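>>> Need coordinates for the below:
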Amino acid sequence: MGIGISVLLIAAGLILALAVEATVSGLDIQVVGWILVAAGVLGLVLEIALFAPRRRYPARDVVEVARPADRVVVDDRPVVEERRVYGDGRY
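Residues are numbered from 1 along each chain as shown. Take a look at the predicted model:
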């Protein structure tokens, strides 16, 4: 149950418990309203307490930096140095 559903249950329950004065035979609308409020509050508490810690993002001041010593590059190719010689003997 998400936060939106919990708030919706709380609002609907409070409307039924406090604002509706209709009577239905065999059903107490005020009790149904308080049950909806209790279910909404329970859902909201569980959503915040249990599921919210999973959604936290890492702190912005924590940065992982890879140092050059951590990376190993293996290259078996021979090193070829290219030099261009111009007509007057300079490189």
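
>>> Tell me where the model's unsure across the protein.
52-76, 78-91 (pLDDT under 70).

>>> And the strands in it?
For the chain, strands defined by DSSP state E do not occur.

>>> In it, spot the helix with the most residues.
helix 29-46 (DSSP state H).

>>> can you list contacts of that one?
By CB atoms under 8 Å, 6 or more residues apart in numbering, the residues outside helix 29-46 that reach it are 1, 3, 5-18, 20, 22-23. For every residue, glycine as well, the C-beta is placed using N, CA and C.

>>> out of the residues you listed, which are buried?
Neighbour-count burial (16 or more other CB atoms under 10 Å) applied to the contacts of helix 29-46 gives 6, 9, 10, 13, 16, 17.

>>> Skipping adjacent residues, who's closest to the fourth one in space?
Here the nearest residue to residue 13 in space, its sequence neighbours aside, is residue 36; by CB to CB, 6 or more residues apart in numbering that works out to 3.0 Å.

>>> And that neighbour, how close does it get to residue 23?
In this view, residue 36 and residue 23 are 18 Å apart by CB to CB, to the nearest Å.

>>> do the same with residue 40
Distance of residue 40 to residue 23, computed by CB to CB: 24 Å.

>>> Ok, residue 51 next?
Look at residue 51 and residue 23: by CB to CB, they are 39 Å apart.

>>> for residue 29, same thing?
7 Å.

>>> What of residue 15?
For residue 15, the distance to residue 23 (CB to CB) stands at 16 Å.

>>> So what touches stretch 5-23?
The contact list for stretch 5-23, computed with CB under 8 Å, 6+ apart, reads 29-30, 32-41, 43-44, 47.

>>> Brilliant, that's me finished.
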